[in-house]
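Novice: Okay, sequence plus prediction incoming.
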Amino acid sequence: MNPEAGNAALIVAVVALTTAGIRAAPFVLFPPGKKTPEPILSLGRVLPSAVIGMLVVYCLKDVSPLRYPYGLPELIALLAVAGLHLWKKNTLLSIGAGTALYMLLVQLIF
């Protein structure tokens, strides 16, 4: 086995173990039957909206309404994502369709 393949295998193993550990941590820290602390429950209620808000800001941070295409692809895709989510209540569908629409807009139209 060449050194690059060994390094790649080691990286994959470390990433897999880290991912498994992160996914198992809540079950170890808060086993079934044990009451989950209120601060953790509070974070579970507010973090999803905060993360989505942060992602929207990050995605739109470089949009310039003063230069062509004036942010139109981003605005159209954003409205499509919001509209689809309000209509279907399906996050995967909303984000997937919005991403596909945005890519089509920037590759074929703008």
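Specialist: On my side now, so go ahead. Numbers count the residues shown, from 1 in each chain.
Novice: and the top helix by length along the chain, how far from the chain's centre?
Specialist: Scanning the chain for the longest helix, with DSSP state H as the assignment, gives helix 3-29. Mean-position distance between helix 3-29 and its chain equals 20 Å (CA atoms, centre = their mean, to the nearest Å).
Novice: Then stretch 99-110?
Specialist: On CA atoms, centre = their mean, the centre of stretch 99-110 falls 19 Å from the chain's centre.
Novice: In three-state terms, label residue 62 for me.
Specialist: The three-state label given to residue 62 by DSSP: H, G, I helix; E, B strand; the rest coil is coil.
Novice: nope, residue 35 is what I meant
Specialist: Assignment for residue 35 (three-state DSSP): coil.
Novice: and it, how many neighbours?
Specialist: Using other CB atoms under 10 Å, residue 35 is surrounded by 7 other residues. For the C-beta atoms, the positions are set from N, CA and C on the backbone; glycine is no exception.
Novice: Now do the contacts for it.
Specialist: By CB atoms under 8 Å, 6 or more residues apart in numbering, the contact set of residue 35 is empty.
Novice: Tell me the spacing between it and residue 44.
Specialist: In this view, residue 35 and residue 44 are 14 Å apart by CB to CB, to the nearest Å.
Novice: what's the answer for residue 17, then?
Specialist: 25 Å.
Novice: cool, residue 8 as well?
Specialist: Distance from residue 8 to residue 44, by CB to CB: 36 Å.
Novice: Equivalent analysis for residue 28, please.
Specialist: Counting by CB to CB - residue 28 and residue 44 are separated by 17 Å.
Novice: before we move on, what about residue 89?
Specialist: The value you get for residue 89 to residue 44, if CB to CB is used, is 19 Å.
Novice: Residue 110 reaches residue 73, doesn't it?
Specialist: Yes: if you go by CB atoms under 8 Å, residue 110 and residue 73 touch, sitting 5.1 Å apart.
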